[in-house]
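**Student:** Quick one, structure for this:
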Amino acid sequence: MSDLFLADPIVVDPEPRPHGRLSPGAWARANLFDSRVNSVITVIAGLIAGFLTWAAIAWLISIDFTIIRDTLRIFMIGQFPDDELWRLWAAGMVLMTAIGLAAGATARNAHDVAISQGLAPDPSGPLLLARRFWAILAVLILFASFARTIQPMVGVLAAIALVFLVRQLAWAAPAAIRTRAMYVTALLVVASMLVVAGTSRLGGLCIGLVVFVWALNETGRRDFSGSSGKVLRWLITVSAAVLAGVIVAMIGFEGFGWKEWGGIHVNLFTAVVGIALGMPLGILLALGRQSKLPVVRTASVLYIEFVRGVPLISLLLFSKLLLPLFLPITMERPTSLTLAIIVIMGFSAAYIAEIVRGGLQAVAKGQTEAAQALGLSPGAMQRLIILPQALRAVIPAMVGQFIALFKDTTLLTTVAVLEFLDAAAIANNQPQFLGKGLAPVTYLFVAVGFWAFAFTMSKESRRLERRLGVGTR
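**Tutor:** Next up, the predicted model:
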């Protein structure tokens, strides 16, 4: 009898939730009309949303998009010459190939790992890929629809089809190829830039870095035991990287300089380069700020606090107006876009460093003690134990910084670089459109373009958080 009173009370749910997904009507009754107050709020919100939707559709039907059609070239590529347009199309196709290769190889590798561990693999396929990036695909098709010829639309559709074709080929590729697909992807991304800008010392350096990482990984699979073996491993790695960089630099493929670049092409290029170079620099600054060496720690703190305390626009103006005065007279002056990319990279690195530092502090001290007990070196401990956990914890903040960096590329107009937002002002100042009040049309066009890429980055961030279990135990 006493056991009966000591037992936990049994709670009976009077309305158990049905299993499976609810029908649209059942979902609406359960979430929108489950009470009088909720029903009133739903009706009022529906009326307001319907009115705003009707007004937006009526406005879109009434306006004339001639200004977008006549100035579409300025919005997309600025003053890029006609006889060099093949570079942009070729670079775009190479970049789409890289995206398809990375998507297919990554999805198949994750599928095989889940199967080998006895887990249910995540759903994947061309339709799912289209759903993930529907905003960017829709905006690309929208931009191409404003062209006065059929060639841009055909090129955009061909590029989209190429992504899904390469994705299927990468999915069906052997495992030995898929495990090295990311290195090929990196080479293709660099190649897409070199097609436009041409091969130079910087291009050779980028190719050399990719080959260095690849050779380091490949030699790590071999048996190089002993001190002489380690020396041989590094000798092979460095020799392969230097040889690849020298060969690419000696090819001498002429490109087209950055002076005439413009439009959304510049915004995307600057954001990608700023993120790709700023993130590793920010990680190094975060590690340097926690270093036990006073010189390294002090230098990292001074750099981070100075850059974070100065507006980006002031740094851009400094790079444009004052920095050339400190360069030797015999040295060729860097272009405005080159200086801007360096400034944006350094600016984003300071903010990324603080984000990563927060992640490093969130890692439990026991993780470091356990790694030390295993005999791991400081470098291996950071690479294998600490940094993966720290970066996993700061994914939302990191992606937020990337989105802010992408939108900050609109400040390039302060250093006389024609970017996407500045193209709207140029379009409105064309003689045939002066005084017609078409600014809302052009700025809406720009807003849709920025929204598509920012929304996709945010959506991919949430997907990555779910896959890594951020915020769950």
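
**Student:** what's the closest non-adjacent residue to Val189?
**Tutor:** Among residues not flanking Val189 along the chain, Ala98 sits closest, at 5.2 Å (CB to CB, 6 or more residues apart in numbering). Placement of C-beta: from N, CA and C, glycine included.

**Student:** do you know how far the one you found is from Arg178?
**Tutor:** 14 Å (CB to CB, to the nearest Å).

**Student:** Between those two, point out the one with more neighbours.
**Tutor:** Remark: of Ala98 and Arg178, Ala98 carries more neighbours, 23 against 20, as counted by other CB atoms under 10 Å.

**Student:** Tell me the backbone dihedrals of the more buried one, please.
**Tutor:** Per-residue torsions, Ala98: phi -60, psi -40 (degrees, to the nearest 10).

**Student:** what sits against it?
**Tutor:** By CB atoms under 8 Å, 6 or more residues apart in numbering, the contact list for Ala98 reads Val184, Thr185, Leu188, Val189, Ser192.

**Student:** nearest to Leu293, of the residues you listed?
**Tutor:** Val189 (34.8 Å; CB to CB).

**Student:** Packing partners of the host helix or strand of the closest one?
**Tutor:** Assigned by DSSP states H and E, Val189 belongs to helix 181-197. Here helix 181-197 touches helix 85-116, helix 201-220, going by 3 or more CB pairs under 8 Å, 6 or more residues apart in numbering; DSSP states H and E.

**Student:** So Ser291 is in contact with Ser300, correct?
**Tutor:** Yes - look at Ser291 against Ser300 with CB atoms under 8 Å: they come within range, at 7.3 Å.

**Student:** More neighbours: which of those two?
**Tutor:** Counting neighbours by other CB under 10 Å for Ser291 and for Ser300 shows that Ser300 has the greater number, 22 against 13.

**Student:** and Pro324, how many residues sit next to it?
**Tutor:** The number of residues packed near Pro324 is 12, by other CB under 10 Å.

**Student:** Can you check the pLDDT for it?
**Tutor:** pLDDT recorded at Pro324 is 76.

**Student:** for it, what are its contacts?
**Tutor:** By CB under 8 Å, 6+ apart, the neighbours of Pro324 are Arg333, Pro334.

**Student:** Can you verify it is assigned to a strand?
**Tutor:** No - Pro324 is assigned helix when assessed by DSSP: H, G, I helix; E, B strand; the rest coil, not a strand.

**Student:** following the helix or strand hosting Trp234, which helix or strand shows up next?
**Tutor:** Per DSSP H and E, Trp234 falls inside helix 226-251. Moving toward the C-terminus from helix 226-251, the next helix or strand (DSSP H and E) is helix 264-289.

**Student:** Need the three-state assignment for Leu119.
**Tutor:** Put simply, Leu119 is coil when judged by three-state DSSP.

**Student:** what about it, distance to Asn109?
**Tutor:** Distance from Leu119 to Asn109, by CB to CB: 14 Å.

**Student:** And for Pro378?
**Tutor:** Pro378 sits 30 Å away from Asn109, going by CB to CB.

**Student:** do Gly100 as well
**Tutor:** Using CB to CB, Gly100 is found at 15 Å from Asn109.

**Student:** Could you check which of those two has the larger neighbour count?
**Tutor:** With neighbours defined as other CB under 10 Å, Gly100 and Asn109 compare such that Gly100 has more, 26 against 17.

**Student:** right, and the more buried one touches Ala161 too?
**Tutor:** No - assessed by CB under 8 Å, Gly100 is found out of contact with Ala161, at 9.8 Å.

**Student:** Buried residues in stretch 426-437, which are they?
**Tutor:** By neighbour count, with 16 or more other CB atoms under 10 Å as the criterion, the buried positions of stretch 426-437 are Ile426, Ala427, Asn428, Phe433.

**Student:** ugh, wrong one, I meant stretch 155-162
**Tutor:** For stretch 155-162, burial by neighbour count (16+ other CB under 10 Å) applies to Gly155, Val156, Ala159, Ile160, Leu162.

**Student:** Distance of the second one relative to Ile403?
**Tutor:** Counting by CB to CB, the gap between Val156 and Ile403 amounts to 24 Å.

**Student:** May I see the buried residues of stretch 111-118?
**Tutor:** Within stretch 111-118, no residue counts as buried by 16+ other CB under 10 Å.

**Student:** Return the distance of it from the chain's centre.
**Tutor:** Computed by CA atoms, centre = their mean, to the nearest Å, the chain-centroid distance of stretch 111-118 equals 28 Å.

**Student:** now swap in stretch 235-251 and tell me
**Tutor:** 28 Å.

**Student:** now the residue nearest to Val189: how far from Pro121?
**Tutor:** Applying CB to CB, the value for Ala98 to Pro121 is 24 Å.

**Student:** Same question for Lys259.
**Tutor:** As judged by CB to CB, Lys259 and Pro121 stand 49 Å apart.

**Student:** Next, the distance between the ends of stretch 31-42.
**Tutor:** Terminal residues of stretch 31-42 lie 10 Å apart, using CA to CA, to the nearest Å.
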